[in-house]
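Peer 1: 3D, please:
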Amino acid sequence: MKIALIAHDKKKDAMIELAVRYKDVLSQHELCATGTTGTLVMGETGLPIKRMKSGPLGGDQQIGSMIAEGKLDMVIFLRDPLTAQPHEPDVSALLRLCDVQNIPLATNVNSARIMLDHINEESHS
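Peer 2: Okay, the predicted model is just below:
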C-alpha cells in the first residue's frame, strides 16, 4: 500500500507516537508525507519516507495530486480542528479528493489505529 502521513503542528507529536507504535506495520508499505511531518517521523522511526513540501507551501496539494492520479491507497491526516489553518482551502480540497476517489482517510489517532490494525491483520491472514 501507499500511505500518506500528514499532521498539523499541534498533532505532530501524536503522529510520531503513532508511527513509533506502528513502525512494523508502516515498514511494510510505501510512505510519503508532508515535509516537516516526514522529517520528524523519519528521525524517530528510521522509516523511509518520500517527503513533499510543507503543507502550507504546497505539500497538501502535492498529496492531493497523488490521490487524484490514483497513486495513494490511504491517508492519515491528523488534523487540529481547534486552530485556524492558513491553508484551509488546500486541506478541504485534500479531504474532498479522498472522498471522491474513495481513499480511506483517518483524521484522528483512534481512526488511524483502527485502519493500521486492520491492514496489519490482513497482512497476517
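
Peer 1: what's in contact with stretch 39-47?
Peer 2: 5, 12, 15-16, 19-20, 23, 26-27, 31, 33, 48-49, 51 (C-beta atoms under 8 Å, 6 or more residues apart in numbering). Every C-beta, even on glycine, is put in place using the N, C-alpha and C of the backbone.

Peer 1: And the lowest-mean-pLDDT helix or strand in the chain, how far out from the chain middle?
Peer 2: Least confident helix or strand, the chain: helix 88-101 with a mean of 92, by mean pLDDT, DSSP states H and E. Put simply, helix 88-101 sits 13 Å off its chain's centre (C-alpha atoms, centre = their mean, to the nearest Å).

Peer 1: Quick one: list the elements packing against that helix.
Peer 2: helix 59-68, strand 74-78, strand 105-106 (3 or more C-beta pairs under 8 Å, 6 or more residues apart in numbering; DSSP states H and E).

Peer 1: Looking at the ones you listed, spot the one closest to Arg96.
Peer 2: helix 59-68 (8.7 Å; C-beta to C-beta).

Peer 1: which other residues reach that closest one?
Peer 2: In contact with helix 59-68 (C-beta under 8 Å, 6+ apart) are residues 2, 4, 6, 32, 34-35, 52-53, 72, 75, 87, 90-91, 93-94, 97-98, 101, 103.

Peer 1: Any of the residues you listed buried? List them.
Peer 2: Buried subset of those (neighbour count, 16 or more other C-beta atoms under 10 Å): 4, 6, 32, 34-35, 52, 72, 75, 87, 90-91, 93-94, 97-98, 103.

Peer 1: Could you identify the most distant pair in those?
Peer 2: Gly35 and Ile103 (20.8 Å).

Peer 1: quick one on the thing from earlier: now the helices and strands packed on helix 88-101 in CSV, with mean pLDDT and distance to Glu122?
Peer 2: CSV is the format used below for these (pLDDT from 0 to 100; distance: least, C-beta to C-beta, whole Å):
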stretch, mean pLDDT, distance to Glu122
helix 59-68, 94, 21
strand 74-78, 98, 12
strand 105-106, 98, 16
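
Peer 1: No further queries at this time; thank you.
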